[in-house]
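Novice: sequence unknown, structure follows:
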């Protein structure tokens with residue numbers, strides 16, 4: 001495979017900043033609204049779990065008086 005053939009491959013386009021941005025925008029256009037809401041709910045749940053885990057780790061490390 002030559003360099004020109006490699007750069008002409010459609011998969012290579014998403015390896016640049018502009019290509020990644022374009023593929024993200026296209027994915028957003030193709031994704032139904034309900035699926036986006038479900039994703040946001042999952043991310044919110046994950047954030048709460050990470051926050052609780054951080055707090056739990058912080059209380060374990062604090063010295064007992």
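Specialist: Ah, there it is. Quantities reported herein were computed from a predicted structural model and do not represent experimental measurements.
Novice: Identify the residues contacting the host helix or strand of residue 18?
Specialist: Assigned by DSSP states H and E, residue 18 falls within helix 17-30. Helix 17-30 has contacts (Cβ atoms under 8 Å, 6 or more residues apart in numbering) with 12, 13, 14, 36. C-beta coordinates here come from the backbone N, C-alpha and C atoms, glycine included.
Novice: Give me the local confidence score for residue 38.
Specialist: In this model, residue 38 is scored at 97, pLDDT.
Novice: Show me how far the one helix or strand in the chain whose mean pLDDT sits lowest is from its chain's centre.
Specialist: Among the helical and strand segments of the chain, the one scoring lowest on mean pLDDT, DSSP states H and E is helix 3-8, with a mean of 80. With Cα atoms, centre = their mean, to the nearest Å as the basis, helix 3-8 stands 28 Å off its chain's centre.
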